[in-house]
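Peer 1: Just a sequence and a predicted model for now, questions to come.
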Amino acid sequence: MEAIRYANEKTETKKKTIRLTMAQALLKFLDNQYIEVDGKERKFIKGMFGIFGHGNATGLAEALERQESDITLIQGKNEQGMVHTATAYAKQKNRLEIYACTTSIGPGALNMVTAAGTATVNRIPVLLLPSDNFATRQPDPVLQQIEDPSDYTMSATDSFKAVSKYWDRIVRPEQLMTAALNAMRVLTDPVDTGAVTLALPQDVQAEAYDYPAEFFKKRVHLLERRRPSEVAIDRAVELIKSKKKPFIIAGGGVHYSLATEELKQFAENFQIPVGETQAGKSAIAWNHPMYMGGVGANGSKASNVLAKDADLIIAVGTRLTDFSTASKVAFQNPDVEFVSINVSSLDAMKMESQMLVSDAKVALTLLEQQLKKENYKAAHDEKELESLKEAWDNEVDRLFNLKSEEGLEQSQVIGELNKFIDEKDIITCAAGSLPGDLLKLWRSTHPKTYHMEYGFSTMGYEVQAALGIKMAEPEREAYALQGDGGYLMLHSELVTSLQENKKINIILFDNHGFQCIHGLQVGQGSEGFGNEFRYREKETNQLSGNYMEMDFAAHARSLGAKGYTANTVEEFRDALAKAKQDTISTLIHVKTLPSKVTGYDSWWRLGVAEVSNSKTVQNAFENMEDKLNQARKY
């Protein structure tokens, strides 16, 4: 009888409907989405960033204003900026909690496209809800509408298709149901996740429909740990057993699978040294005996020497991008082979790897069990590993203490900051010369204390990311390390951090321009062109005059933040101490010299002019051709 009553109640629930606007229904649906991993359930969508305009001010904004829900609105100041904040939040939460982002149509929507690409390239879930033209086409054309005479269905939101993992336009209110379920499928999928875009025509947002009550039930999306097949494990074990000098490359998947402890144990048990990518950094502590630093174009001497000689690369949760592989020249042992652990087969097959399509935590555990039965141990010379690590640690110390009479060295400032902050404080960065220096030099002791966006290397991510990190980790200090060029591109959510009482710290490295790219030009034979912030000279009509001087500390203060300027080590230390005591967001403007940290047994491929009247460019092209002969082709 109880079973019959339950069945009848379920049937009645299915028959019930709730009349809501499409926007109200979307909000009610999002408020009931949860995710479960390892038996722990958590609310998936924590809130929504929004900037309102004529596209969503009377649709989704009305739903947020009137409906009861746990979805809090955070007022963004720039559409790209708020998506970066949402992306950083999701990344810091290991993709287990996210924010949605809503905008008006036209330029408001298009401002999110860059940030959508950032999320998708880095495999970070973010839900984008740009408004769209009227589905009825009656106000024709509506303000900010882009008209394509060959295709009247085309709008600004079509631009998101190239940078979204799922895209849909909801032109009838009932379409929300399939679109929302598909959006959740992608957002909670560790393989296919990224930006999800639901384009919402402004009239449809306000249209009502009798939605089935069951659509709004609590849904718990199970994040399953994918297991490799027994055959794949056996093949990987046999390959590892046949190798003497394996080398591990730890990527971001180690963090997302919560496998940092398993990685450490695996390296210890089999005496396999570990290098790291930008996304994988902090997976293992810098002072661990098996830790050798970053690998590839921006890697350490220790890691790059070991990678060059390795007869086996064990890639864990990494996409093996050109920086990590030094444009495929990092691995020079003629017998080198690859085992790649990744939930994505697209990533696992790279470098012609023996594929382990699996969750990293599961795969490392299974491999460890099998290799222990085989009594496997790598044949690395322990003294050689100790010597490589000691030499690299000494080199980092040297660079931390590098001094110049001309001003502060970038590596010196990094070293001072590294020594000052607490071990569990978090730094973030994204672009310029800083990521390369940080991968080499930064010493992380705890997981998730190094937050680098280097899949898209998006200038302007940093300040916005610091806010996302602070929202995710309110008990920790969040530091954005950013160049002057990146700050000028985007710093909008500094204001949001003040509005939300989420203190962030910005360390602004002022080296008079885009010095990273300036250095790349000079390194390939150019004299440097168009990358420094100089005044235009009338006589030459070139940007070759004096450097422009900007007071970034004063700018921060004008927004309501604290601002300090440091021209010496002593002033920087004093500013750091004051910033730590401050209760609101702070910017420290540090005048630095362009980075002097070079590459260590590494290379990065650039397209160098094959024909030029410059001898230095001709030499650079010949050097590139030599390196290409050493590179793997697939």
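Peer 2: Looks like it arrived, so ask away.
Peer 1: C-alpha only now, for contacts and for neighbours.
Peer 2: Fine.
Peer 1: quick one: low-confidence parts of the chain?
Peer 2: Across the chain, the ranges flagged by pLDDT under 70 are 1-14, 518-519, 523.
Peer 1: For residue 256, which non-adjacent residue is spatially closest?
Peer 2: Distances taken as C-alpha to C-alpha, 6 or more residues apart in numbering place residue 94 nearest to residue 256, at 4.9 Å, with adjacent residues excluded.
Peer 1: would you say that neighbour is within a helix?
Peer 2: No - counting by DSSP: H, G, I helix; E, B strand; the rest coil, residue 94 is not found in a helix; it is coil.
Peer 1: Output the contacting helices and strands for whichever strand or helix holds residue 463.
Peer 2: Residue 463 belongs to helix 461-472 when assigned by DSSP states H and E. Packing partners of helix 461-472 (3 or more C-alpha pairs under 8 Å, 6 or more residues apart in numbering; DSSP states H and E): helix 79-92, strand 426-429, strand 478-483, helix 493-499.
Peer 1: The residue nearest to residue 256 contacts residue 253, correct?
Peer 2: No - in this structure, residue 94 is not within contact of residue 253 by C-alpha atoms under 8 Å, at 9.4 Å.
Peer 1: between these two, who's got more neighbours?
Peer 2: residue 253 (25 against 19; other C-alpha atoms under 10 Å).
Peer 1: Might you report the residue contacts of that one?
Peer 2: By C-alpha atoms under 8 Å, 6 or more residues apart in numbering, the contact list for residue 253 reads 280, 316-318, 342, 360.
Peer 1: can you check residue 510 too?
Peer 2: The contact partners of residue 510, by C-alpha under 8 Å, 6+ apart, come to 483-484, 589-592.
Peer 1: swap in residue 292?
Peer 2: By C-alpha under 8 Å, 6+ apart, the contact set of residue 292 is 273-275, 286, 300, 302-303, 388-389.
Peer 1: and what of residue 336?
Peer 2: By C-alpha under 8 Å, 6+ apart, the contact list for residue 336 reads 310-313.
Peer 1: in stretch 173-190, what's buried?
Peer 2: For stretch 173-190, the neighbour count (16 or more other C-alpha atoms under 10 Å) marks 173-174, 176-177, 179-180, 183-184, 186-190 as buried.
Peer 1: can you redo those residues as a markdown table with distance to residue 495?
Peer 2: Below are the buried residues of stretch 173-190 laid out as a markdown table (distance: C-alpha to C-alpha, whole Å):
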| residue | distance to residue 495 |
| --- | --- |
| 173 | 35 |
| 174 | 38 |
| 176 | 34 |
| 177 | 36 |
| 179 | 34 |
| 180 | 32 |
| 183 | 30 |
| 184 | 31 |
| 186 | 32 |
| 187 | 28 |
| 188 | 31 |
| 189 | 33 |
| 190 | 32 |
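Peer 1: Closest to residue 33 out of those?
Peer 2: If you rank those by distance to residue 33 using C-alpha to C-alpha, residue 184 comes first, at 8.3 Å.
Peer 1: list the helices and strands the host helix or strand of the closest one packs on?
Peer 2: Using DSSP H and E, the element containing residue 184 is helix 176-187. Applying 3+ C-alpha pairs under 8 Å, 6+ apart, one finds that helix 176-187 contacts helix 22-30, strand 126-132, strand 166-169, strand 195-201.
Peer 1: follow-up on the earlier one: with neighbour count and distance to residue 105 as extra columns, can I get the contacts of residue 510 in CSV?
Peer 2: Shown next, in CSV, are the contacts of residue 510 (neighbours: other C-alpha atoms under 10 Å; distance: C-alpha to C-alpha, whole Å):
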residue, neighbour count, distance to residue 105
483, 30, 32
484, 23, 31
589, 26, 36
590, 27, 39
591, 22, 40
592, 23, 41
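Peer 1: which of the residues you listed lies closest to residue 542?
Peer 2: residue 484 (21.0 Å).
Peer 1: what sits against that closest one?
Peer 2: Here residue 484 is in contact with 508-514 (criterion: C-alpha under 8 Å, 6+ apart).
Peer 1: need the contact list for the closest residue to residue 207 other than its chain neighbours.
Peer 2: Leaving aside its chain neighbours, residue 207 sits nearest to residue 21 (5.0 Å; criterion: C-alpha to C-alpha, 6+ apart). Counting by C-alpha under 8 Å, 6+ apart, residue 21 touches 173, 205-209.
Peer 1: let's see it at 6 Å
Peer 2: 206-208 (C-alpha atoms under 6 Å, 6 or more residues apart in numbering).
Peer 1: Strands - which of the contacts of residue 336 land there?
Peer 2: 312-313 (DSSP state E).
Peer 1: I'd like the contacts of residue 336 written out as CSV, with distance to residue 323 and neighbour count added.
Peer 2: Shown next, in CSV, are these (distance: C-alpha to C-alpha, whole Å; neighbours: other C-alpha atoms under 10 Å):
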residue, distance to residue 323, neighbour count
310, 18, 24
311, 20, 22
312, 19, 23
313, 16, 23
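Peer 1: Report how many residues lie close to the closest residue in space to residue 60 that isn't next to it in sequence.
Peer 2: The shortest distance from residue 60 to any non-neighbouring residue, by C-alpha to C-alpha, 6+ apart, is to residue 23 (4.9 Å). The tally of other residues near residue 23 (other C-alpha under 10 Å) stands at 26.
Peer 1: ok, the one residue sitting closest to the centre of the chain - contacts?
Peer 2: Computing the C-alpha centroid of the chain and ranking residues by C-alpha atoms, centre = their mean puts residue 453 first, at 3.4 Å. Residues in contact with residue 453 (C-alpha under 6 Å, 6+ apart) are residue 430.
Peer 1: I'd like the distance from it to residue 315, if you could.
Peer 2: Noted for residue 453: a distance of 19 Å to residue 315, by C-alpha to C-alpha, to the nearest Å.
Peer 1: just residue 402 next, same as before
Peer 2: Applying C-alpha to C-alpha, the value for residue 402 to residue 315 is 34 Å.
Peer 1: could you list every residue that touches the closest residue in space to residue 97 that isn't next to it in sequence?
Peer 2: Closest residue to residue 97 apart from its sequence neighbours, by C-alpha to C-alpha, 6+ apart: residue 44 at 4.6 Å. Residues near residue 44 by C-alpha under 6 Å, 6+ apart: 33-35, 97.
Peer 1: and if we set it to 7 Å?
Peer 2: Applying C-alpha atoms under 7 Å, 6 or more residues apart in numbering to residue 44 gives the contacts 33-35, 96-98.
Peer 1: now that we have those, which one has the most neighbours?
Peer 2: Result: residue 98 is most packed of these (other C-alpha under 10 Å), 26 neighbours.
Peer 1: what are the phi and psi angles of it?
Peer 2: phi -140, psi 170 (degrees, to the nearest 10).
Peer 1: Enumerate every residue touching it.
Peer 2: 44-46, 86, 89-90, 125-126.
Peer 1: could I get those residues as JSON lines with distance to residue 162?
Peer 2: Below are those laid out as JSON lines (distance: C-alpha to C-alpha, whole Å):
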{"residue": "44", "distance to residue 162": "25"}
{"residue": "45", "distance to residue 162": "24"}
{"residue": "46", "distance to residue 162": "26"}
{"residue": "86", "distance to residue 162": "20"}
{"residue": "89", "distance to residue 162": "23"}
{"residue": "90", "distance to residue 162": "21"}
{"residue": "125", "distance to residue 162": "16"}
{"residue": "126", "distance to residue 162": "15"}
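Peer 1: Tell me the one of these nearest residue 494?
Peer 2: Nearest to residue 494 among the contacts of residue 98 is residue 86, at 14.1 Å by C-alpha to C-alpha.
Peer 1: Identify the residue spatially nearest to that closest one, adjacent ones excluded.
Peer 2: Distances taken as C-alpha to C-alpha, 6+ apart place residue 99 nearest to residue 86, at 5.4 Å, with adjacent residues excluded.
Peer 1: next SSE after the host helix or strand of that neighbour?
Peer 2: In the assignment (DSSP H and E), residue 99 maps to strand 98-103. Using DSSP H and E, the next helix or strand after strand 98-103 towards the C-terminus is helix 107-110.
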